[in-house]
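Engineer: give me a 3D structure for the following:
(chains A and B)
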Protein chains: 2
Amino acid sequence: MARKKRYNVAVVGATGAVGTEMLRVLEARRFPVGKIRLLASERSEGRRLSFNGSLYRVEPLDTRAFDEIDLALFSAGAIRALEFAPEALRRGAIVVDNSSAFRLENDVPLIVPEVNPHALDRHHGLIANPNCSAIIMLVALKPLHDAARITRIRVSTYQSVSGAGARAMWQLYEETKHALRQFEVRSSKFEVHPKLRTSRFKLPTGLPQQIAFNLIPQVDVFLENRYTREEMKLVHETRKILEEPRLPISATCVRVPVFVAHSEAIWIETERSLSANEARRILQRAPGVRVIDEPSRQAYPMPLDAAGRDEVFVGRIRADLSAPMPARPEESRAGGSKGQAGESVRNGLALWVSGDNLRKGAATNAVQIAELVIGKR
Amino acid sequence: MARKKRYNVAVVGATGAVGTEMLRVLEARRFPVGKIRLLASERSEGRRLSFNGSLYRVEPLDTRAFDEIDLALFSAGAIRALEFAPEALRRGAIVVDNSSAFRLENDVPLIVPEVNPHALDRHHGLIANPNCSAIIMLVALKPLHDAARITRIRVSTYQSVSGAGARAMWQLYEETKHALRQFEVRSSKFEVHPKLRTSRFKLPTGLPQQIAFNLIPQVDVFLENRYTREEMKLVHETRKILEEPRLPISATCVRVPVFVAHSEAIWIETERSLSANEARRILQRAPGVRVIDEPSRQAYPMPLDAAGRDEVFVGRIRADLSAPMPARPEESRAGGSKGQAGESVRNGLALWVSGDNLRKGAATNAVQIAELVIGKR
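Structural biologist: Residues are numbered from 1 along each chain as shown, chains lettered A, B, ... in the order given. Coordinates of the predicted model:
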């Protein structure tokens, strides 16, 4: 895209959980927006949303919606992306799509700006925004991969309901309200009515199971190999972004009763051993990362702190006690310390990350990609 | 303990989250209780609790409390166990202690009845009940260990607040109520007020952080190696119970806003390869296990289903896609199928379990141990 002063931007899916966040991020990062056009399905027609202090009417998503648009930020699901992204491209817009529709296409760059900005060079107008859990994991892992080469990843996620959209947030809110309404708290000071423990109430729309005071070990649909599509997205997108097509990865994705921010318990194995202290120093210098790792102060990443923030919070960094000891000490990372006295140095690390799935996991990452495209950064 | 018809039972910590559950489990399993004595700290003095249809007064925990007691079920923390378990033993009682005080002592059996009942033979009156997360994990893993020999375990937990006692349940209840009270829901049908996403309110007692709509990647205190004590309990207790003193294990323990039942995402590596189908068949026959693993029906273990139940729910059983392929196919488990057409068979499995931490993770397991001791089973 040629450099110019202002860009006409379309936000597709503007009323959704990610779409509304897109508007906030475009404002906060002072993206050089000329005209803005807010597009959504008919359900949202007539709604007005504010942007930079003005109210804009939500317009229907049709082929003419992309006339005169320079940049289209899509966050409307795979089906609408497949239908309308080609229209936007035909009309000369650059498209950044947040759905899974094009992510694994060979000629579509899949970009996390802190991780693989160079892959943008090959774009043909369409750029894919990765899965939220993949983005959050990779911002934390890429600096460690560069330092010690990651050879295996196991990750279990703790994903907030906003990852399933605004409806799922509503579901958590309503189910929780309903659950609390049902109980009389016993007279005893520290005893919760037994009913509260197993109270059942599921909103008919949204997630496949009750989420209030519960966990759902299913994110997206199941595939034939008994992994969910979300789990396999983490595998395939990570491999594409790191350009490691055979990197062994296994994921377990779980929905938790949290509104915003995904968290992940990660184990990595590495070719060269890396002490937890080295890893911490590397991450402290890494772009987009905020290290919160002071056990003595009970400081570690939590979704409540990560929500509303653009950085990925990383903590609980420690040796994977189950990882093999390095075969020979000289295999340790050249130039790195061998670990402080008493520190266990192995070819594996465990860590815990939290990141805002609507911001860095979606809207912020998409706007950062757009900034790279227009050469703002 | 000599067989006799009825046993005088003391429940120590009778008013706590586990203690009250002990009474329910003793009733439900028709344990042959003669006299029952409910003991607790002075804070609970004068309270009355029901057992088998009668009300019993809570008595103070002192040295004379164990006169004429045959069986003392302790669930009052490590400090009280260290002080009073010796008194109970001196007076001739068998002690089953739910705290961590004695679990790793050489001459104290640490028992999960489905896993290592033989270890009871060596008891000297004092038997330790393992950590709740360890019990729940081991009921699921032992049958797989017998079939294929587990060589490595990585586990991340999703632990309910009741694991931290009745006060923490109260904390989740109060914080959630407070969070919901703060918001006005916007007029829009599926939009939750942004404040809800990051609402802050922490009850002064209980867990170290707000738990409502949040996650706390800290269970118990931090140790010098940057693991928490809970994480290291999982390591050491698993090794003792499986009699595998060097089994490599790494755990990440996380508190989640769920009232009852702990869940765990587990990866195991095995000496012999085991297909997911074989593992499922083995677990379907295993004592204390309920397999819920039908992705096509969206059926998998969830805390809401496991709460109030004595079985450990196991599901999401699948090949660990990141595990190495077996070196030679003939290393597969002798007699086992090599996996159905297209099924990936590796030296590793991923699974997901949920179990009631107050019941199988504590009270039920303790009562089962008592049943073994009196030869009821």
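Engineer: show the pLDDT at A:R272.
Structural biologist: Model confidence at A:R272, expressed as pLDDT, equals 94.
Engineer: all the helices of chain A, residue numbers only.
Structural biologist: A:17-28, A:77-90, A:132-148, A:166-181, A:194-198, A:229-242, A:276-284, A:303-306, A:364-373 (DSSP state H).
Engineer: kindly export the shortest one (C-alpha atoms) in CSV.
Structural biologist: Okay, so that is helix A:303-306. Output of helix A:303-306 as CSV, limited to C-alpha atoms (Å, rounded to 0.1, in the frame of the first residue of the first chain):
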residue,chain,number,x,y,z
PRO,A,303,-6.4,-12.4,33.5
LEU,A,304,-7.8,-9.5,35.6
ASP,A,305,-4.5,-7.7,35.2
ALA,A,306,-4.0,-8.6,31.5
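Engineer: surely A:L104 meets A:E237?
Structural biologist: Yes: applying Cβ atoms under 8 Å as the test, A:L104 and A:E237 come out as touching, 7.5 Å apart. Every residue, glycine included, has its C-beta placed from N, CA and C.
Engineer: joint contacts of those two?
Structural biologist: By Cβ atoms under 8 Å, 6 or more residues apart in numbering or on different chains, A:L104 and A:E237 have these common neighbours: A:L110.
Engineer: the two: who's more crowded?
Structural biologist: A:E237 (24 against 14; other Cβ atoms under 10 Å in any protein chain shown).
Engineer: please name the nearest non-neighbouring residue to the more buried one.
Structural biologist: In this structure, A:E237 finds its nearest non-sequential neighbour in A:A134, 4.3 Å apart by Cβ to Cβ, 6 or more residues apart in numbering or on different chains.
Engineer: pLDDT value on the one you found, please?
Structural biologist: 98.
Engineer: picking that back up, what's the closest of the helices of chain A to B:N365?
Structural biologist: Nearest to B:N365, of all these, is helix A:194-198, at 18.5 Å by Cβ to Cβ.
Engineer: what separation do you get for A:T20 and chain B?
Structural biologist: Note on A:T20: its distance to chain B, by Cβ to the nearest Cβ, to the nearest Å, is 8 Å.
Engineer: could I get the buried residue list for stretch A:366-376?
Structural biologist: For stretch A:366-376, a neighbour-count test (16 or more other Cβ atoms under 10 Å in any protein chain shown) marks A:A366, A:V367, A:Q368, A:I369, A:A370, A:L372, A:V373, A:I374 as buried.
Engineer: swap that for stretch A:16-27, sorry
Structural biologist: A:G16, A:A17, A:V18, A:G19, A:T20, A:E21, A:M22, A:L23, A:R24, A:V25, A:L26.
Engineer: isn't the fourth one up against A:A10?
Structural biologist: Think A:G19. No: with contacts counted by Cβ under 8 Å, A:G19 stays clear of A:A10, the gap being 10.9 Å.
Engineer: hey, what's in contact with both of these two?
Structural biologist: A:L38.
Engineer: how about the residue of the stretch 51-200 of chain A at minimum distance from chain B: what's its closest non-neighbour residue?
Structural biologist: Sorted by distance to chain B under Cβ to the nearest Cβ, the residues of the stretch 51-200 of chain A start with A:S156, at 3.7 Å. The shortest distance from A:S156 to any non-neighbouring residue, by Cβ to Cβ, 6+ apart, is to B:A265 (3.7 Å).
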